[in-house]
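**Q** generate coordinates for the sequence data below:
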Amino acid sequence: MTDRFDSDAFYAALNAARLSRQKTWKEVAEEAGVNASTLSRIGQGAKPDVNGLAALLAWSNLKAEMFIRGADQREAEPIAKITALLRADPKLTPTNAKLIEEIVISTYEKLRGV
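**A** From the prediction side, this is the model:
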């Protein structure tokens, strides 16, 4: 399998950033400096062009490598990434980050059959 960009995962993460910042898609487009049609196309599964991708990554503070699938490298477990991100979130107190982490881990384990 060759490396590929997961547009669906990128759009979902971008949407999460948008919701977290309480922005409309129109505001995202304006702030990121992309056409609203770019966001619509990504939402429909199209791959973003390199300039649109760069602008949206900068706006969202996401990293492109999070969305590359098929790379022949070992990555941290998804639950470990989530935990690290929650604990690094300056908007959460350590106690609240731990509470969310416990909910996510519990749900993750139940759904994956552990």
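**Q** tell me which helix or strand of the chain sits lowest on mean pLDDT?
**A** When the helices and strands of the chain are scored by mean pLDDT, DSSP states H and E, strand 68-69 comes last with a mean of 83.
**Q** with adjacent residues omitted, what lies nearest to the residue nearest the centre of the chain?
**A** With distances taken as C-alpha atoms, centre = their mean, Ala13 lies nearest the centre of the chain, 2.6 Å away. Of all residues not flanking Ala13 in the chain, Leu62 sits nearest, at 5.6 Å (C-beta to C-beta, 6 or more residues apart in numbering). Every residue, glycine included, has its C-beta placed from N, CA and C.
**Q** ok so, going back, next SSE after the least confident helix or strand of the chain?
**A** Per DSSP states H and E, the first helix or strand lying C-terminal to strand 68-69 is helix 78-88.
**Q** so which elements touch that following helix?
**A** Judged by 3 or more C-beta pairs under 8 Å, 6 or more residues apart in numbering; DSSP states H and E, the packing partners of helix 78-88 are helix 94-112.
**Q** shaky segments in the chain?
**A** Across the chain, the stretches falling below the confidence threshold (pLDDT under 70) are 1-3, 71-74, 114.
**Q** quick one on the thing from earlier: now do the least confident helix or strand of the chain: which elements does it pack against?
**A** Short answer (3+ C-beta pairs under 8 Å, 6+ apart): strand 68-69 packs on strand 4-5.
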